[in-house]
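Visitor: Kindly return the folded structure for what I paste below:
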Amino acid sequence: MSDWEEDVWGSDNDEGRDLVALERRHAKSGYIDARANMNEDQLQAGFDSGFPIGAQLGAIAGAKLVGILLKDDTINATEGVSSAVDGLRIEKVLDAKYFDENLDLIVDIDSHPQLQIKGE
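Guide: Numbering: from 1, shown residues only. You can find the predicted model right below:
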């Protein structure tokens with residue numbers, strides 16, 4: 001076998017392919033890690049900016065429910081509690097129609113329609 005054939009088909013070429021494959025795996029792994037870290041950072045930033053308003057809305061909704069439960073009017077208590085619980089469901093309070101494209105609340109918290117309980 002000639003030196004040229006040994007260079008083309010020999011172990012040096014296999015090592016070269018192995019190095020290229022290893023390089024690709026590391027590049028792919030690095031890309032995936034960077035992408036995951038970026039997504040985690042964005043997720044954390046979104047949580048950090050959205051949690052305070054969600055917590056505030058949840059606290060107000062909870063206080064409204066407690067107020068209804070503590071009322072002395074037992075005649076309409078069951079109906080009132082049922083209606084209030086339905087209106088204060090978290091999926092209604094945090095409905096997308098109350099937020100803009102940046103997920104900022106577009107209604108004033110004090111006048112949020114789902115937090116307005118009849119008979120308060």
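Visitor: which strands and helices sit next to the helix ranked longest in the chain?
Guide: What stands out as the longest helix in the chain, according to DSSP state H, is helix 11-70. Judged by 3 or more Cβ pairs under 8 Å, 6 or more residues apart in numbering; DSSP states H and E, helix 11-70 is in contact with helix 77-87, helix 90-93. All C-beta atoms are positioned from the backbone trio N, CA, C, and that covers glycine.
Visitor: one more time with 10 Å
Guide: Helix 11-70 is packed against helix 3-9, helix 77-87, helix 90-93, with contacts defined by 3 or more Cβ pairs under 10 Å, 6 or more residues apart in numbering; DSSP states H and E.
Visitor: now that helix: how far from the chain's centre is it?
Guide: Put simply, helix 11-70 sits 9 Å off its chain's centre (Cα atoms, centre = their mean, to the nearest Å).
Visitor: Then stretch 99-118?
Guide: With Cα atoms, centre = their mean, you get 19 Å for stretch 99-118.
Visitor: who touches it?
Guide: Identification of contacts with stretch 99-118 by Cβ atoms under 10 Å, 6 or more residues apart in numbering yields 46, 49-50, 53-54, 56-57, 60-61, 63-65, 67-68, 80, 83-84, 87-98.
Visitor: Which members of the residues you listed are classed as buried?
Guide: Applying 16 or more other Cβ atoms under 10 Å to the contacts of stretch 99-118, the neighbour count classes 57, 60-61, 64-65, 68, 80, 84, 87-88, 93-94, 98 as buried.
Visitor: Show me the shaky parts of this protein.
Guide: Along the chain, the model assigns pLDDT under 70 to residues 1-13, 72-81, 118-120.
Visitor: if we go to 90?
Guide: For the chain, the stretches flagged by pLDDT under 90 are 1-96, 98-120.
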